[in-house]
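Trainee: Structure of the sequence below:
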Amino acid sequence: MQREQEFNTIDDVFNLIRDELRDAEAAYTGYLQTNVSLIPKISEHIILSGGKRLRPALLILTMRMLGGAPGSGTALAAVIEFIHTATLLHDDVVDEADMRRGLAAANAIWGNEASVLVGDFLFSTAFDLAVDQRNIAILKALSSATRRLAEGEILELMRTADVDTTETDYRKIIEGKTAVLMAAACECGALLAGDDPGRQEKMRSYGLHAGMAFQIIDDILDYTSREEALGKSIGIDLEEGKLTLPLIRVLEQAAPAERERVRDIILADFVSPEDFSQVLDLIRKYRGIEFSTARATEHVEAARELLADMPASPYRGALDFLARYIVNRDR
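Mentor: Numbering: from 1, shown residues only. Okay, the predicted model is just below:
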């Protein structure tokens, strides 16, 4: 039995699977080879601009924890990152974003048309590579996740600037737009390891809880982080009319006049620094950050509990650390 090891930073986790992540990165770049030069140019702008490669890491860590052979997850880790990158390209077009990870968004450089089409290329390439796994369960996990990703984004669009959005609505949105791909990464890792269906389902649930917590914290950071740390403009969710959990809490608790003021700000064409400050004051007044952090912590604890009967190893320790890291990150 492998012993657990101590993880103090996110870099400790990535160092554990450094070689496999490096191979997945190389595979990703290799699969981008095409005569259409704009495709690798835009794709590499996204993939090489940073990001923690969290989803490939979840897949590899799950696979190794459950006994998968080193290196056997390389191609599928690249597939997961292809899907994630495609959603980022499409999201930035929908959101009319100017920045991504501290750099100019791809659509701001090359235009919406190119970003959408390259995103489509990445989706199709992901499934072309997934077919090579010759595993119908993996294909099903990926196709279901991709379908639900689209549903989550559409639901978010439908709820834009809707002050009647509830916490239940919000949970459906973030489960679709974020959590299902993390769940699929963990499920595919278990499928690659050939583990029993019970553990496959538990790891899918682990990824789902981790993804829910990740998005809740991401939405908190839009109100509390510094722009240079977050890598995007602060308050952009408010300006885009996105009702995230800290603001939903305010709207549920606020006095009628306060609620009406928030509604006016959300519906305005431009959110001034003074408007943002007013909303932030209300979030503080009604403890929206604390409420949202508690919800994220509930998901993290649920994720950690699902690891309890998994084989003890450094990989299980890394997955446990990742869950805890999610609620303590600052970007």
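
Trainee: which element follows the one helix or strand Ala114 maps to toward the C-terminus?
Mentor: Counting by DSSP states H and E, the secondary-structure element that holds Ala114 is helix 112-131. Using DSSP H and E, the helix or strand that follows helix 112-131 in sequence is helix 136-158.

Trainee: who does that next one touch, helix- and strand-wise?
Mentor: helix 74-95, helix 112-131, helix 167-174, helix 180-193 (3 or more Cβ pairs under 8 Å, 6 or more residues apart in numbering; DSSP states H and E). For glycine as for every other residue, the C-beta is placed from the backbone atoms N, C-alpha and C.

Trainee: for the helix holding Ala114, which positions count as buried?
Mentor: Neighbour-count burial for helix 112-131 flags 112, 114-119, 121-123, 125-126, 129-130 (criterion: 16 or more other Cβ atoms under 10 Å).

Trainee: tell me the angle of it relative to helix 74-95?
Mentor: Helix 112-131 runs at 160 degrees relative to helix 74-95, counting by axes from the mean of the first three to the mean of the last three Cα atoms, to 10 degrees.

Trainee: quick check: angle from helix 112-131 to helix 180-193?
Mentor: Helix 112-131 and helix 180-193 are oriented at 20 degrees to each other (the same axes, to 10 degrees).

Trainee: Can you give the distance of helix 112-131 from its chain's centre?
Mentor: Taking Cα atoms, centre = their mean, to the nearest Å, the mean C-alpha location of helix 112-131 is offset from the chain mean by 18 Å.

Trainee: ditto for stretch 275-284
Mentor: Centre-to-centre, stretch 275-284 and its host chain are 26 Å apart (Cα atoms, centre = their mean).

Trainee: Make sure Ala318 is actually in contact with Leu16.
Mentor: Yes - taking contact to mean Cβ atoms under 8 Å, the distance of 5.5 Å between Ala318 and Leu16 places them in contact.

Trainee: what sits in contact with each of those two?
Mentor: In terms of Cβ atoms under 8 Å, 6 or more residues apart in numbering, Ala318 and Leu16 are both contacted by the residues Leu61.

Trainee: Who has more neighbours out of these two?
Mentor: Here Ala318 and Leu16 are set side by side on neighbour count (other Cβ atoms under 10 Å), and the busier one is Ala318, at 27 against 21.

Trainee: Excluding chain neighbours, give the residue nearest to Met310 in space.
Mentor: Arg316 (5.2 Å; Cβ to Cβ, 6 or more residues apart in numbering).

Trainee: Where does that neighbour sit, in terms of helix or strand?
Mentor: The secondary structure element spanning Arg316 is helix 314-328 (assigned by DSSP H and E).

Trainee: in that helix, what's buried?
Mentor: Taking 16+ other Cβ under 10 Å as the basis for neighbour counts, the residues of helix 314-328 that come out buried are 314-323, 325-327.

Trainee: which among the residues you listed gets closest to Tyr286?
Mentor: Looking at those and their distance to Tyr286, the nearest is Val327, at 20.3 Å (Cβ to Cβ).

Trainee: In contact with that closest one: list those residues for me.
Mentor: Val327 makes contacts with Ala213, Ile217, Thr293, Ala296, Thr297, Val300, as judged by Cβ under 8 Å, 6+ apart.
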